[in-house]
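Q: Coordinates for the following, if possible.
(chains A and B)
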Amino acid sequence: MENVWTIENVWNAIGMALQNWLAGFLPAWLVTLIMDLLVIVVLLAIGIVAVLILSFLERKVAARAGDRYGPNRWGPYGVLQPFADAIKMLIKEDIVPHVADRFSFNLAPVIVTVGAVMTYAVLPFGRNMVAANLNIGILYFAAVGSLSIIGLLTAGWGSRNKYALISAFRSVAQLITYEVPLALCIICVVMLAGSLSTQDIVLAQQERGWFFLLMPGIFILYFLAASAEMIRCPFDLLEADSEIVAGHFIEYSGMKFALFFLAEYIHLFAGSAMMVTLFFGGWLGPWLPSWLWFLIKTFVVIFVFMWIRNTFPRIRIDQVLKIGWKVMVPAGLVGLAITGFVDKLIADTLIAGVVLFVCNIALIVGVSYFMGRAQRQKEMAAEGAALR
Amino acid sequence: MSVQIPPTERLRTDTIQINMGPHHPSTHGVFRMVLTLDGETVVDLEPRFGYLHRGIEKTAEERTYVQNVPFTDRLDYICGITNNWAYALALEKLAGIEVPERAEYIRVILGELTRVMNHMLAIGFLWNDLGATTFTPVVYAFRERERILDLIEMAAGSRMMPSYIRAGGVVADLPEEFMPRLQKLVPHLKRFIDEMDTMLTKNEIFRARAVGVGVLKAKDAINAGVSGPVLRASGVPYDIRKVDSYSIYDRFDFEVPVHTAGDVYARYLQRLAEARQSLRIIEQAMRDIPEGPVTSLPYKQLSRLKPPKGEAYGRIESPKGELGFYLVSDGSNKPYRFRIRSTSLLNLTLLREMCIGHKVADVVTILGSIDITLGDVDR
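A: Residues are numbered from 1 along each chain as shown, chains lettered A, B, ... in the order given. Reported below is the predicted structural model:
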């Protein structure tokens, strides 16, 4: 790779310069090792910095949504609040309930966090900026992303708390349910892009247009499935504070709690970033450097997630599963069929795009019609129920 | 075609018991529900209360009639004004005290403001229980509540514990600035209620969560003594303002809204409709309020009040339902018996029946839709 110093590839250039400098006095294997470790450290740092920003943003957005100010004591506009929070977390007492299963109790936060951080490896932060350009990148993302289910289950079981246990049940039921439509949506994107690699998916959108425009129906399905996977409202049943208090991390305190917190926001960032990659053209964009575009788009998506969180109530667990299996999976399958047929039968990309768009709109209309009809029927049945 | 599994090979399942409360974010205070769950489904529910018991009924027997007024504030601490009112009504009946015209109007205005406030808070908290995690609806409800509390503070000098309505009238006349403020506030509140309506009523998730959940049959509700919006949401048009037409409610033109579904959603709609009617009453009262004295019983007489031997039951339609005070006098300056017919407690009695068969998440919602205040439940 050429060593060109532009804003576009400033990060790559720094990396290359460092590598060249190290290669001057170290054996090749050590240079590779150091560089790989450095990438991991950088990814972790991005993860933690993202969490700091997101936790601040979450509080600010929640506050503004509720006509409040939010944190504004620490630093200008309260920007230092996350650091205060982090320090508070670190110095809290670490409490392990005496009935807890110590091993799984301690293991759970680690699994959850590691599973979350690992997803960063395949995020294409910019042109040529992906830690591991795996040719199965998106598959890796889906696989590693669901690793945290094990952690949640372990936490729920290990805490020996009934609320945590219910949360663990819910985590398994919900996350596994929504894995299916998520995968179906990803397959649609992969079919259009013709590759599992995240970089290739972004490049494919350069040719065919953002997949969000081509497949709005699939996008909505993906959005819902992803918010369920990220445990975001309205699918945040695992930590439903009004029902099961805090869910799986109810017994955790101090740094272990912070790890769950970290994992949650890392998931949020990674999920939004992946959504940007799959549907919003990743780092594509004019004028600005690609990594900046990527960050801007990701934060817009994150803002939408926060917005939803602050305006919608939560769905009930049976409804979550019902929607998952009875609506999203069939809709995902239909979407898959549409995408497959259109992609294979219509060679011209423009016409294919238009047809795909129309079919997706039809899918949205159809699904919302049937869901709405079911709801209206239920409401009509409820009318006068008290007098019967 | 279903495959029959022999009982011995079936997965053995068991129910679990969960203590919801007394420290739980959604019990609206210190209230405990012992839930028996089969997975997520509620098999049994046992409400346990008494964590906030302060012995008000007994303590009141040792204090003079006027000293008991502040206790009533602390029953249902969301709506202190109506609690004062119910007590004052019982005492007026017991001692045969007349209330001046202007005082009645002031009572109606503040009482209906309290109702609006209570219903807005109830809706906000219901949404909180539904999982609007970041308190957004509640914060808006609180914002408007603060405006109403400002008015109550103007009149009474205290926001939540006004002790403003006493036997014979009200403590003091309204300050000059009160009416202009109120005239501005009423249209504002109307807009706010409309805003709530547009924001919340049509929300699909809310409807999915609330419709058909926690149905309370009209006959069960009547049998259990349930009253207020919860009863009217079950299709019973029973409103003490109409039935008794105590105070001057017979002069106002208002409707008693009724919903027939009896579920959480109906209770929500009921509160919204009642808040609108309350504003209607306030508008009429604002228009008609006469000048004149605000109390027929100055403090010196009131503090030495010795009602004749006898008993009286005064009841009003408090925002949460029928709130009654039963007073027995032995001729001294202290009540012989001071009994509170508390709304929240009686509305809570059917919680178990409403919850069984629903999911854990619904328990919280149903409790929220009943709209209890633990200060009123435990006394």
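
Q: Please work out the average pLDDT along the helix or strand hosting A:V355.
A: In this structure, A:V355 sits in helix A:349-382 according to DSSP states H and E. Averaging pLDDT along helix A:349-382 gives 83.

Q: Which elements pack onto that helix?
A: Contact here means 3 or more C-beta pairs under 8 Å, 6 or more residues apart in numbering or on different chains; DSSP states H and E; on that basis helix A:349-382 packs against helix A:198-208, helix A:211-214, helix A:216-229, helix A:329-345, helix B:204-210. In short, each C-beta sits where N, CA and C put it, glycine included.

Q: in it, what counts as buried?
A: By neighbour count with 16 or more other C-beta atoms under 10 Å in any protein chain shown, helix A:349-382 contains the buried residues A:352-353, A:355-357, A:359-360, A:363-364, A:367, A:371, A:379, A:382.

Q: neighbours around B:K190, how many?
A: Residues contacting B:K190 under the criterion other C-beta atoms under 10 Å in any protein chain shown number 16.

Q: In chain A, where is pLDDT below threshold?
A: Counting by pLDDT under 70, chain A contains low-confidence residues at A:1-6, A:8.

Q: residues touching B:D330, list them.
A: B:D330 sits next to B:K309, B:Y336 when contact means C-beta atoms under 8 Å, 6 or more residues apart in numbering or on different chains.

Q: Tell me if I'm right that B:C355 and B:V363 touch.
A: Yes. Using C-beta atoms under 8 Å, B:C355 is in contact with B:V363, at 4.9 Å.

Q: who has more neighbours, the two?
A: Legend: neighbour count by other C-beta under 10 Å for B:C355 and B:V363, higher for B:V363 (28 against 25).

Q: so what's that one up against?
A: B:V363 sits next to A:E243, B:M20, B:M33, B:L35, B:V42, B:L45, B:C355 when contact means C-beta under 8 Å, 6+ apart.

Q: before we move on, back to that, any chance of the helices and strands packed on helix A:349-382 in JSON lines, plus mean neighbour count?
A: As requested, the helices and strands packed on helix A:349-382 are exported to JSON lines (neighbours: other C-beta atoms under 10 Å in any protein chain shown):
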{"stretch": "helix A:198-208", "mean neighbour count": "19"}
{"stretch": "helix A:211-214", "mean neighbour count": "22"}
{"stretch": "helix A:216-229", "mean neighbour count": "24"}
{"stretch": "helix A:329-345", "mean neighbour count": "18"}
{"stretch": "helix B:204-210", "mean neighbour count": "21"}
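
Q: okay if I get these as TSV plus distance to A:I176?
A: Below are those laid out as TSV (distance: least, C-beta to C-beta, whole Å):
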stretch	distance to A:I176
helix A:198-208	24
helix A:211-214	25
helix A:216-229	10
helix A:329-345	12
helix B:204-210	22
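
Q: Which residue ranges of the stretch 1-150 of chain B form helices?
A: B:56-60, B:69-73, B:80-95, B:101-130, B:136-156 (DSSP state H, counting those that start in this stretch).

Q: Using JSON lines, please lay out those together with mean neighbour count.
A: As requested, these are exported to JSON lines (neighbours: other C-beta under 10 Å):
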{"stretch": "helix B:56-60", "mean neighbour count": "17"}
{"stretch": "helix B:69-73", "mean neighbour count": "21"}
{"stretch": "helix B:80-95", "mean neighbour count": "26"}
{"stretch": "helix B:101-130", "mean neighbour count": "26"}
{"stretch": "helix B:136-156", "mean neighbour count": "19"}
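
Q: Adding distance to B:Y268, write those helices out as a markdown table.
A: Below are the helices of the stretch 1-150 of chain B laid out as a markdown table (distance: least, C-beta to C-beta, whole Å):
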| stretch | distance to B:Y268 |
| --- | --- |
| helix B:56-60 | 31 |
| helix B:69-73 | 27 |
| helix B:80-95 | 21 |
| helix B:101-130 | 6 |
| helix B:136-156 | 11 |
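
Q: Now tabulate the ones you listed in a markdown table and tack on mean pLDDT.
A: Shown next, in a markdown table, are the helices of the stretch 1-150 of chain B (pLDDT from 0 to 100):
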| stretch | mean pLDDT |
| --- | --- |
| helix B:56-60 | 88 |
| helix B:69-73 | 87 |
| helix B:80-95 | 89 |
| helix B:101-130 | 89 |
| helix B:136-156 | 87 |
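
Q: Now the residue of the stretch 51-200 of chain B at minimum distance from chain A: closest residue in space that isn't a chain neighbour?
A: Nearest to chain A, among the residues of the stretch 51-200 of chain B, is B:G131, at 2.8 Å (C-beta to the nearest C-beta). Using C-beta to C-beta, 6 or more residues apart in numbering or on different chains and skipping the chain neighbours, the partner closest in space to B:G131 is A:R314 (2.8 Å).

Q: quick one, what contacts that neighbour?
A: If you count contacts by C-beta under 8 Å, 6+ apart, then A:R314 has A:233-237, A:240, A:242, B:130-133, B:205, B:209, B:361 around it.

Q: Read off the pLDDT value for the closest residue to chain A within the stretch 201-350 of chain B.
A: Residue nearest to chain A within the stretch 201-350 of chain B: B:G262 (2.6 Å; C-beta to the nearest C-beta). Note for B:G262: predicted pLDDT of 85.

Q: Repeat that for B:D194.
A: Value for B:D194, per-residue pLDDT: 91.

Q: In three-state terms, how would the residue nearest the centre of chain A be classified?
A: Centroid-nearest residue in chain A, with C-alpha atoms, centre = their mean: A:G271, separated by 1.7 Å. Look at A:G271: counting by DSSP: H, G, I helix; E, B strand; the rest coil, its state is helix.

Q: was I right about it contacting A:A225?
A: No. No contact is recorded between A:G271 and A:A225 when judged using C-beta under 8 Å, the distance being 9.9 Å.

Q: quick one on the thing from earlier: and the helix holding A:V355, how far out from the chain middle?
A: 25 Å (C-alpha atoms, centre = their mean, to the nearest Å).

Q: Just the angle for that helix relative to helix A:216-229, thanks.
A: Put simply, helix A:349-382 runs at 60 degrees to helix A:216-229, going by axes from the mean of the first three to the mean of the last three C-alpha atoms, to 10 degrees.

Q: residues from the stretch 51-200 of chain A in reach of chain B?
A: A:A62, A:A65, A:G66, A:D67, A:R68, A:K162, A:Y163, A:L165, A:I166, A:F169, A:R170 (C-beta under 8 Å from any C-beta of the partner chain).

Q: pretty sure B:D378 contacts B:G50?
A: Yes. If you go by C-beta under 8 Å, B:D378 and B:G50 touch, sitting 5.6 Å apart.

Q: Looking at those two, which is more packed in?
A: Set B:D378 next to B:G50 and count neighbours by other C-beta under 10 Å: B:D378 wins out with 21 against 13.
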